[in-house]
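Asker: 3D, please:
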Amino acid sequence: MPRTGVTIYDMLISCPGDVLNYIDTINEVVRSFNSSIGRVNNLRIDCRHWSTDSYAQSGGRPQALLNSQFVLDCDMAVAVFWSRFGSPTGEYDSGTEEEIEEMLAQNKQVFLYFVDTPISPSELDEDQYRKIRTFKDKYKDRGIYTEVKSKEEFASSFTNQLYLYALSNLIGNNQYYSSNGNSFLSIKEYSNETGNIKACNLRSFKDAFYREHQQEILDLFEDAVKITLSSAINETESQKHFAYMRSSNIDIPVAWKNTITKYLNKLNVSIPTGFWNVGNLGRMETLNPLIGGDSLIGTEDEEKHYKDIKKLNELIKKTTDWKDYFESLKEFQSVELIVANDGLKVDEDIEIKLIIPKDKLLMKNLIPIPGENIIKEYLRVELENRIFKPLINDEVEEYGYYPETIEKTMPVIDSFPFVTKYVNTYEEDKDDYMERIDDIFCYDYYKREKEDVLTFHIDYLKHHKAMAFPSVLIFKDLPEKIDYEITSKYCPNIIKGTLYLS
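Answerer: Next up, the predicted model:
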């Protein structure tokens with residue numbers, strides 16, 4: 001069915017050559033606007049850019065020709081600067097500057113952004129960057145520009161500013177602002193179903209980890225049993241005493257034998273006679289610390305067999321730690337919740353409060369910590385995000401207000417005559433893990449006499465859209481119900497509701 005009475009606004013996109021990759025982001029924000037607020041209010045914004053909306057023309061100053069072709073007819077503009085200002089036009093230092101000045105002279109809206117991200121010194125043009133700083137200083141007291149550090153931050157800021165501008169200047173007192181056009185906020189289960197909230201076990205990747213590590217263990221064991229070594233102990237030339245070294249024979253530690261035997265017995269795998277024999281393998285121990293560390297002395301087969309058994313022990317300990325960790329998660333139940341806006345209006349400054357019966361919620365400081373044999377791998381693959389963050393899809397956005405993470409750089413310790421890289425201890429890895437948990441479970445917690453209260457904030461939520469909670473909610477004892485309260489900028493009353501869990 002054709003739409004009638006659609007009001008169309010033209011938006012100029014003005015970007016120097018080093019930020020052309022921001023054009024796709026601008027177009028995506030505008031497309032989203034058109035399909036939501038625009039469709040509801042029968043308006044549309046069309047993006048205009050010289051690459052698609054101009055034609056070759058002679059007989060005048062190039063930028064002036066562009067101005068007459070489409071620039072001056074635009075109703076608003078969005079401009080982005082990073083490291084390049086552009087080329088002089090004869091009137092201004094760049095085409096972007098001229099387009100901005102012309103739009104402002106006509107009292108038209110300009111969304112102006114400066115990207116604050118690093119650039120390689122070899123790619124930096126000092127003259128261009130100086131012009132950007134001069135231009136920026138010119139407008140610093142007028143409050144018309146915004147600094148962003150990434151395309152993601154730009155998309156969020158531009159979306160917010162475009163929607164607010166449209167609400168105040170393009171839509172006016174039509175349906176969007178009518179008495180029945182408020183935002184309608186609620187808390188629902190992740191599946192968007194109403195009624196009882198179904199709790200489940202925390203997401204587990206146990207089977208995938210078991211299959212991967214178990215097969216690796218069996219393959220390594222099969223490879224190790226192929227090597228058969230003599231049990232005779234004979235001193236080799238390389239094992240004789242030197243003035244700066246002493247030698248000692250090597251036996252497989254009892255702890256290794258116990259770990260490997262226990263694991264393989266569970267799999268009904270027999271260990272052949274002589275498997276623990278490493279022949280005449282020895283260890284040369286240096287008496288002079290300047291020479292270096294200990295080293296294995298023996299045949300190639302002896303060294304390989306010893307290293308295979310050592311790796312087998314390490315893999316089994318790692319697999320056991322994974323099993324223990326995932327088993328510890330099975331003690332708890334979780335729910336995935338969303339904040340939904342089913343109204344016709346975007347909303348802002350949303351405060352969510354959950355009131356939970358006392359001591360039912362698992363506090364973040366009690367979340368299980370991975371064992372020392374797996375924690376580095378856990379942190380490397382960022383498994384905490386896959387277990388504790390809610391899933392997202394085309395209808396549910398990820399929570400967008402996690403604390404900023406400061407990337408750590410580990411120092412390098414120099415020691416003569418070698419350089420040894422700093423390696424985290426287990427205690428330091430645990431601290432890193434808990435910092436990540438703090439970032440995901442970024443709620444404020446309060447205790448009442450009979451209840452625990454959890455709160456968090458959402459800056460902005462589109463209409464007909466939902467945003468996931470920062471994390472799944474984990475319970476050590478599942479409550480029958482959770483009460484909630486929501487306040488926001490565009491909801492005149494406190495929204496109250498109850499979630500029933502099963």
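Asker: contacts, neighbours, all on C-alpha from now
Answerer: Fine.
Asker: output the contacting helices and strands for the longest helix seen in the chain.
Answerer: For the chain, the helix that runs over the most residues, judged by DSSP state H, is helix 300-329. The contact analysis (3 or more C-alpha pairs under 8 Å, 6 or more residues apart in numbering; DSSP states H and E) places helix 300-329 against helix 206-224, helix 254-266.
Asker: show me where pLDDT drops low in the protein?
Answerer: Low-confidence segments of the chain (pLDDT under 70): 1-5, 59, 141-143, 168, 171-183, 191-196, 230-247, 285-294, 344, 405-423.
Asker: my read: Asp116 touches Glu147, true?
Answerer: Yes. Between Asp116 and Glu147 there is a contact under C-alpha atoms under 8 Å: 6.5 Å.
Asker: who has more neighbours, the two?
Answerer: Between Asp116 and Glu147, counting by other C-alpha atoms under 10 Å, Glu147 is the more crowded of the two (17 against 13).
Asker: how about the more buried one: what's its closest non-neighbour residue?
Answerer: In space, and not counting its chain neighbours, Glu147 is closest to Phe114: 4.8 Å by C-alpha to C-alpha, 6 or more residues apart in numbering.
Asker: tell me the bridge partners for the one you found.
Answerer: Beta bridges link Phe114 to Phe81, Glu147 when assigned by DSSP bridges.
Asker: isn't it up against Ile144?
Answerer: No. Judged on C-alpha under 8 Å, Phe114 makes no contact with Ile144 at a distance of 11.0 Å.
Asker: can you list the helices and strands packed on helix 300-329 in a markdown table and add mean neighbour count and distance to Ala105?
Answerer: Converted to a markdown table, these look like this (neighbours: other C-alpha atoms under 10 Å; distance: least, C-alpha to C-alpha, whole Å):
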| stretch | mean neighbour count | distance to Ala105 |
| --- | --- | --- |
| helix 206-224 | 15 | 62 |
| helix 254-266 | 14 | 78 |
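Asker: Asn107: which of the ones you listed is closest?
Answerer: helix 206-224 (60.3 Å; C-alpha to C-alpha).
Asker: elements contacting that closest one?
Answerer: Right, helix 206-224 is packed against helix 300-329 by 3+ C-alpha pairs under 8 Å, 6+ apart.
Asker: tell me the buried residues in the helix it packs on?
Answerer: For helix 300-329, a neighbour-count test (16 or more other C-alpha atoms under 10 Å) marks 301-303, 305-306, 308-322, 325-326, 329 as buried.
Asker: need the next SSE after it, C-terminal direction.
Answerer: Note on helix 300-329: by DSSP states H and E, the next helix or strand toward the C-terminus is strand 333-335.
Asker: pairing partners for that next one, with directions?
Answerer: Partners of strand 333-335, by DSSP bridges, with direction: strand 200-201 (antiparallel), strand 473-475 (antiparallel).
Asker: of all those strands, which one comes closest to Asp18?
Answerer: strand 473-475 (43.3 Å).
Asker: got the contact list for that closest one?
Answerer: Strand 473-475 is contacted by residues Leu202, Phe332, Gln333, Ser334, Val335, Glu336, Lys360, Leu361, Leu362 when judged by C-alpha atoms under 8 Å, 6 or more residues apart in numbering.
Asker: give me that answer again for 10 Å
Answerer: 199-202, 329, 331-337, 359-364, 367, 388-390, 441 (C-alpha atoms under 10 Å, 6 or more residues apart in numbering).
Asker: for ChimeraX, what selects the buried ones among the residues you listed?
Answerer: Selection of buried members from the contacts of strand 473-475 for ChimeraX, criterion 16+ other C-alpha under 10 Å:
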select :199,202,329,332,333,334,335,336,337,359,361,362,364,388,389,390,441
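Asker: now the strands for the stretch 1-150 of the chain?
Answerer: Remark: strands assigned in the stretch 1-150 of the chain by DSSP state E, counting those that start in this stretch are 7-14, 43-48, 76-81, 109-115, 145-148.
Asker: could these go into JSON lines alongside distance to Leu461?
Answerer: JSON lines is the format used below for the strands of the stretch 1-150 of the chain (distance: least, C-alpha to C-alpha, whole Å):
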{"stretch": "strand 7-14", "distance to Leu461": "23"}
{"stretch": "strand 43-48", "distance to Leu461": "20"}
{"stretch": "strand 76-81", "distance to Leu461": "22"}
{"stretch": "strand 109-115", "distance to Leu461": "20"}
{"stretch": "strand 145-148", "distance to Leu461": "20"}
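Asker: can you tell me which of the ones you listed is most buried?
Answerer: strand 76-81 (a mean of 23; mean count of other C-alpha atoms under 10 Å).
Asker: that strand - contacts with which helices or strands?
Answerer: Secondary-structure packing of strand 76-81 (3 or more C-alpha pairs under 10 Å, 6 or more residues apart in numbering; DSSP states H and E): strand 7-14, helix 22-33, strand 43-48, helix 95-105, strand 109-115, helix 126-138, strand 145-148, helix 151-165.
Asker: quick one on the thing from earlier: overlap of the contact sets of Asp116 and Glu147?
Answerer: By C-alpha under 10 Å, 6+ apart, the residues touching both Asp116 and Glu147 are Phe81, Trp82.
Asker: what's the residue nearest the centre of the chain in contact with, if anything?
Answerer: What sits nearest the mean C-alpha location of the chain, by C-alpha atoms, centre = their mean, is Asn385, with 7.7 Å. Applying C-alpha under 10 Å, 6+ apart to Asn385 gives the contacts Leu379, Leu391, Arg436, Ile437, Ile440, Ser471.
Asker: can you check Thr319 too?
Answerer: Residues near Thr319 by C-alpha under 10 Å, 6+ apart: 206, 209-214, 217, 263, 313, 325, 373-374.
Asker: sorry, back to before: want to throw the helices and strands packed on helix 300-329 into JSON lines with distance to Tyr460?
Answerer: As requested, these are exported to JSON lines (distance: least, C-alpha to C-alpha, whole Å):
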{"stretch": "helix 206-224", "distance to Tyr460": "37"}
{"stretch": "helix 254-266", "distance to Tyr460": "52"}
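Asker: of those helices, which is nearest Arg44?
Answerer: Closest to Arg44 of the helices and strands packed on helix 300-329 is helix 206-224 (C-alpha to C-alpha; 48.1 Å).
Asker: thank you, goodbye.
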